[in-house]
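Asker: generate coordinates for the sequence data below:
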Amino acid sequence: MACRISELILDCADPEPLARFWAEVLGYVELLREEDGSIEIGPPEGSGRRDLHIVLSVSADPKPAKLPLHIDVNPTDRDQDAELERLLALGARPADIGQDGTESWHVLQDPEGNVFCLLRGRIPA
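Answerer: Below you'll find the predicted structure:
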């Protein structure tokens, strides 16, 4: 037997707008609101997707910027340039973490400053 990552917890100052952002980025829906103000998002029920859920958890001390663990995303139905335009329109911002410009990925920040990367390769939805 082995384990499967089922949830990623992301500390944030304001879960609601961050949940909306990540739900749009990933094609997720809001699944659950916890009494502590956390919001869980995941794939739509009945979609057959077994993607991990993301819990946006209220924290008085979120640590935005480049963390030891970050999220990579791949486009599913368009090329990297078109997906970059979509992510920027949703509120992502370019991030400079020392890349030299020759990378095949784009380094971005979500609306609270958490760094993530948009990779080039398209993967099936």
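Asker: where does the record place the domain boundaries for this structure?
Answerer: Using automatic domain parsing, the domain parsing of the chain gives 1-60, 63-125.
Asker: how far does the longest one sit from the chain's center?
Answerer: Taking the mean of its C-alpha atoms, domain 63-125 sits 9 Å from the chain's own mean (CA atoms, centre = their mean, to the nearest Å).
Asker: that domain - what's its average pLDDT?
Answerer: For domain 63-125, mean pLDDT is 90.
Asker: what's the end-to-end length of it?
Answerer: Across its full length, domain 63-125 reaches 30 Å end to end, with CA to CA, to the nearest Å as the criterion.
Asker: let me see the ranges of the helices in the chain.
Answerer: Taking DSSP state H as the test, the helices found in the chain are 15-26, 80-90.
Asker: tell me the bridge partners for the residue lying closest to residue 16 once chain neighbours are set aside.
Answerer: Nearest non-adjacent residue to residue 16, counting by CB to CB, 6 or more residues apart in numbering: residue 39, 6.6 Å away. The C-beta positions use only the backbone N, C-alpha and C, and glycine is treated the same way. According to DSSP bridges, the partner residues bridging residue 39 are residue 33, residue 56.
Asker: give me the number of residues near the residue nearest to residue 79 when sequence neighbours are not counted?
Answerer: Leaving aside its chain neighbours, residue 79 sits nearest to residue 122 (7.0 Å; criterion: CB to CB, 6+ apart). Neighbours of residue 122 under the rule other CB atoms under 10 Å: 14.
Asker: phi, psi for residue 122 please.
Answerer: Note on residue 122: its backbone torsions stand at phi -90, psi 130 [degrees, to the nearest 10].
Asker: so it is in contact with residue 81, correct?
Answerer: No: the pair residue 122 and residue 81 fails to qualify as a contact (CB atoms under 8 Å) at a distance of 11.7 Å.
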